[in-house]
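Engineer: What follows is a predicted protein model with its sequence.
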Amino acid sequence: MKRIGWIDFGKGLTIFFVVVAHCLSDLLESNHFGNYNLLSQFLLGIILTFVMPCFFALSGFLYRAPKSSGEYLKGMEKKFCGLMIPYAIFSVIFIMLQQFDKSNVNKLYTWGSLGQIWNKPIGELWFLYSLFFIFLVVGLIDLLHIQWYWQLLIYGGLFILVQTVQLPFMVSGTFGWLPCFMIGVVLKKHQALLKNKLLFFGSLGGMLVSLVFQYFLVSDWYNTDGMVPATSISKLLSIFVFFYLFSNLHPSRLYNYFSRYGQASIVIYLVHVPIKTLLKVLLFKIVLSNYFLVVLALIAGTWLLSLFVCFLVNRIKLVRWIFYPRLVRS
């Protein structure tokens with residue numbers, strides 16, 4: 001399938017902000033820079049509003065409905081190799097790296113946690129887990145030939161259900177994020193919406209108003225990494241805002257830079273977590289006391305080392321297998 005330039009740009013820019021958000025979140029939870037908590041919270045509140053919704057929506061835009069049960073099963077085999085095998089491998093790596101310096105770990109996982117990864121994802125790896133089950137559900141529903149607008153109603157009802165009833169993460173993570181995925185599917189079917197300025201400005205205004213309400217009415221308004229009722233409006237509207245920006249920006253050096261690394265967004269997503277964990281420990285050990293210097297060093301170091309891993313993936317077959325087992329096997 002031919003690559004879509006603005007999709008690669010969107011994935012590249014979004015994964016960069018994922019790195020920024022997770023670095024800021026780590027510093028905030030460490031309580032090393034209490035005087036700058038408000039700044040970290042503000043930046044997190046903005047960035048986390050759009051990064052994961054856009055990632056799910058970009059996956060939805062690229063989704064192709066299976067035409068037969070055989071095509072569905074073959075597609076799910078590919079998704080399992082591309083998402084769940086790296087998910088399992090990096091669950092082990094993540095826990096192993098935490099053991100080096102437990103005192104600087106914000107949320108410590110034990111080796112016993114590996115026995116629960118089928119239902120309780122470890123750290124930021126929840127995205128791969130939820131995305132796999134979204135593909136599983138949406139593909140199965142498409143085989144039943146249910147029209148997309150009926151699907152939206154079904155998924156909307158299930159979204160409300162998982163917000164009101166405590167269910168296993170396999171269910172809540174899937175149907176909690178499925179609306180974002182489906183917006184991507186709908187935008188692919190109706191691409192004229194990507195040029196609609198009224199939709200863009202209306203969504204931008206609605207998103208900003210929603211964020212203001214979150215700020216005044218929700219105590220931890222900035223903690224928007226999850227898809228919950230209090231944050232869902234701003235998150236869903238952010239997709240229309242950023243898809244408009246992604247698809248209407250003209251190519252430039254910056255555009256080409258992020259487009260190049262958007263093609264390796266899954267690699268960056270997987271490796272940035274252990275990299276920023278180790279870098280944070282190193283920065284704290286050398287006792288850096290300037291907040292802005294630590295933030296810059298942590299973000300730049302995590303991003304550049306993640307890009308170095310992307311370089312290794314393209315050069316070393318064994319490294320490539322960790323991230324793309326299906327491609328190496330074939």
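Structural biologist: Perfect, I can see it now.
Engineer: the helices in the stretch 1-150 of the chain, which residues?
Structural biologist: 5-30, 37-62, 69-79, 85-98, 126-143, 148-164 (DSSP state H, counting those that start in this stretch).
Engineer: Dump these to JSON lines, plus distance to residue 198, mean neighbour count and mean pLDDT.
Structural biologist: For the C-beta atoms, the positions are set from N, CA and C on the backbone; glycine is no exception. Converted to JSON lines, the helices of the stretch 1-150 of the chain look like this (distance: least, C-beta to C-beta, whole Å; neighbours: other C-beta atoms under 10 Å; pLDDT from 0 to 100):
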{"stretch": "helix 5-30", "distance to residue 198": "20", "mean neighbour count": "22", "mean pLDDT": "93"}
{"stretch": "helix 37-62", "distance to residue 198": "19", "mean neighbour count": "21", "mean pLDDT": "94"}
{"stretch": "helix 69-79", "distance to residue 198": "36", "mean neighbour count": "14", "mean pLDDT": "93"}
{"stretch": "helix 85-98", "distance to residue 198": "40", "mean neighbour count": "18", "mean pLDDT": "87"}
{"stretch": "helix 126-143", "distance to residue 198": "29", "mean neighbour count": "20", "mean pLDDT": "94"}
{"stretch": "helix 148-164", "distance to residue 198": "21", "mean neighbour count": "15", "mean pLDDT": "88"}
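Engineer: right, and the ones you listed - which one's nearest residue 210?
Structural biologist: Among the helices of the stretch 1-150 of the chain, the nearest to residue 210 by C-beta to C-beta is helix 37-62 (8.6 Å).
Engineer: Tell me how far that closest one lies from the chain's centre.
Structural biologist: 8 Å (C-alpha atoms, centre = their mean, to the nearest Å).
Engineer: which other helices and strands contact that helix?
Structural biologist: Here helix 37-62 touches helix 5-30, helix 126-143, helix 169-189, helix 197-217, helix 229-248, going by 3 or more C-beta pairs under 8 Å, 6 or more residues apart in numbering; DSSP states H and E.
Engineer: same thing but 7 Å
Structural biologist: Judged by 3 or more C-beta pairs under 7 Å, 6 or more residues apart in numbering; DSSP states H and E, helix 37-62 is in contact with helix 5-30, helix 126-143, helix 169-189, helix 229-248.
Engineer: Tell me which of those helices sits nearest to residue 260.
Structural biologist: helix 5-30 (7.0 Å).
Engineer: Would you mind getting the angle between that closest one and helix 229-248?
Structural biologist: Angle between the axes of helix 5-30 and helix 229-248 is 140 degrees (criterion: axes from the mean of the first three to the mean of the last three C-alpha atoms, to 10 degrees).
Engineer: Next, the angle from helix 5-30 to helix 169-189.
Structural biologist: With the same axes, to 10 degrees as the basis, helix 5-30 and helix 169-189 are set at 150 degrees to each other.
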